[in-house]
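> Coordinates for the following, if possible.
(one chain, ligands or ions: 1)
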Amino acid sequence: MQPRVKPHREAHFPSGEPRPALGLGTWRLGEAPASRAAEVGALRQALEMGWRVIDTAEMYGQGGAETVTGQAVAEALRAGLPRSELFIVSKVLPQHASARGVQAACEASLRRLQLEQIDLYLLHWRGAVPLQDTVRGFEELQRRGLIRLWGVSNFDLDDMRELGAVPGGRACATNQVYYSLSQRGVEFDLLPWQRVHQMPLMAYSPFDQGELVDHPRLRPVAERHRATPAQVALAWLLHQPGVMVIPKAGNALHLRHNWAAQQLQLSPQDLAELAQHFPPPAARQPLAVR
Ligand SMILES: NC(=O)c1ccc[n+]([C@@H]2O[C@H](COP(=O)([O-])OP(=O)(O)OC[C@H]3O[C@@H](n4cnc5c(N)ncnc54)[C@H](OP(=O)(O)O)[C@@H]3O)[C@@H](O)[C@H]2O)c1
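Numbering: from 1, shown residues only. Okay, here's the model as predicted:
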């Protein structure tokens with residue numbers, strides 16, 4: 001099971017560990033039992049194409065997305081894919097993120113994923129549980145060998161600073177946030193801060209949940225490269241240092257297009273044109289959330 005196109009960009013976690021900058025989202029998977037076989041099939045195809053990073057969460061399909069991911073991964077492992085090549089990301093809901101609650105939530109995720117360890121486990125968004133409790137829970141999960149790295153999601157810069165001040169908080173490996181050509185607010189403060197701390201930013205909803213996949217403003221650049229607007233949107237994010245990107249795609253054509261976007265090299269002219277239509281933030285903005 002060899003990748004047809006080698007991932008051309010990697011992101012480095014604070015530990016120095018490199019991982020492909022391009023991963024696969026799974027939101028909306030596992031919601032309907034009738035679609036399950038097709039969804040498992042699409043994930044299997046993704047793994048055969050070379051995708052190695054999969055982003056899921058206990059919330060998606062109320063565990064259904066983890067179940068679908070687990071089935072596809074189990075089949076791929078049985079077919080010979082080395083577990084060490086995979087990087088499985090999942091997330092705990094804030095209401096389960098107490099030091100004790102996170103143990104049970106993670107165990108349930110592992111059962112659905114049919115895995116012994118989650119590579120990166122994120123707090124899905126900030127809730128009422130004090131951050132230090134959640135960090136203690138994550139540390140215990142690491143001691144138990146159930147997770148390797150932990151991180152957060154939907155944290156703005158103030159949240160990140162607060163997290164850095166709690167015991168153990170500096171071990172945070174990533175912050176997953178909404179970032180796309182049309183949602184560039186993080187570039188003002190959060191992304192530069194994460195770069196200084198060598199903490200990759202995981203960009204979710206890179207197509208604005210489909211809004212960008214045929215955006216007229218992307219077409220001229222796409223035509224110059226004989227690419228699709230979706231590929232331009234993805235290539236632009238992959239061009240940003242310290243950023244990982246996790247597009248969701250539900251069929252083989254989209255998976256192939258998104259994988260091939262890694263080979264699209266945007267020129268200075270392309271970048272200038274895109275910046276004109278999708279300007280960078282001129283001031284601090286509240287964090288965009290989905
Ligand atoms: N941490 C958080 O709070 C959070 C929030 C939102 C999302 N996420 C994560 O980020 C992932 C991605 O975000 P998202 O699912 O919101 O949306 P997205 O990736 O921005 O967009 C997905 C949409 O784009 C379509 N698409 C994908 N590739 C395409 C292509 N090459 N050409 C045309 N259309 C294409 C998909 O259609 P098909 O399905 O038909 O291929 C789907 O409708 C999620 O799945 C999830 O894992 C995390």
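> give the contact list for residue 168.
Contact analysis of residue 168 by C-beta atoms under 8 Å, 6 or more residues apart in numbering lists 132, 135, 136, 138, 139. Placement of C-beta: from N, CA and C, glycine included.
> Kindly report the same for residue 19.
Counting by C-beta under 8 Å, 6+ apart, residue 19 has contacts 10, 11, 12, 13, 52, 53, 87, 244.
> Provide the partner residues of the third one in its beta bridges.
Counting by DSSP bridges, residue 12 forms beta bridges with residue 18.
> ok, it - contacts?
Per C-beta under 8 Å, 6+ apart, neighbours of residue 12: 18, 19, 198, 200.
> what do you get for the fourth one?
Contacts of residue 13 were listed using C-beta under 8 Å, 6+ apart, and they are 19, 149, 173, 174, 199, 200.
> Redo the contacts of residue 12 as a markdown table? Include distance to the ligand and pLDDT.
Shown next, in a markdown table, are the contacts of residue 12 (distance: C-beta to the nearest ligand atom, whole Å; pLDDT from 0 to 100):
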| residue | distance to the ligand | pLDDT |
| --- | --- | --- |
| 18 | 21 | 89 |
| 19 | 15 | 92 |
| 198 | 21 | 92 |
| 200 | 14 | 97 |
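> Give me the buried entries from the residues you listed.
19, 200 (16 or more other C-beta atoms under 10 Å).
> Now flag whichever of the contacts of residue 12 is closest to residue 123.
residue 200 (16.2 Å; C-beta to C-beta).
> Quick check: the closest one vs residue 106, distance?
Distance of residue 200 to residue 106, computed by C-beta to C-beta, to the nearest Å: 22 Å.
> before we move on, what about residue 58?
Residue 58 is 9 Å from residue 106, by C-beta to C-beta.
> Give the intersection of the neighbour lists for these two.
residue 92.
> Compare those two (neighbour count), which wins?
Comparing residue 58 with residue 106 by other C-beta atoms under 10 Å, the one with more neighbours is residue 106, at 25 against 20.
> distance of that one from residue 77?
20 Å.
> Ok, residue 186 next?
Residue 186 is 35 Å from residue 77, by C-beta to C-beta.
> So the two - more neighbours on which side?
residue 186 (25 against 15).
> so the more buried one makes contact with residue 195?
No. Taking contacts as C-beta atoms under 8 Å, residue 186 lies outside contact range of residue 195: 11.0 Å.
> Based on its surroundings, how many neighbours for residue 288?
18.
> Now do the same contact list for it.
Counting by C-beta under 8 Å, 6+ apart, residue 288 has contacts 177, 178, 183, 185.
> Just the ones in helices from those, please.
Assigned to helices by DSSP state H, none of those qualify.
> re earlier: export the contacts of residue 19 to TSV and tack on pLDDT and distance to the ligand?
Listed next are the contacts of residue 19 as TSV, based on pLDDT from 0 to 100; distance: C-beta to the nearest ligand atom, whole Å:
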residue	pLDDT	distance to the ligand
10	90	19
11	90	15
12	90	21
13	88	17
52	97	15
53	98	10
87	97	13
244	98	11
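> Which residues of the protein lie near the ligand?
Residues of the chain lying close to the ligand (C-beta under 6 Å from any ligand atom) are 25-27, 55, 124, 153-154, 176, 204-210, 213, 228, 230, 246-251, 254, 257-258, 290.
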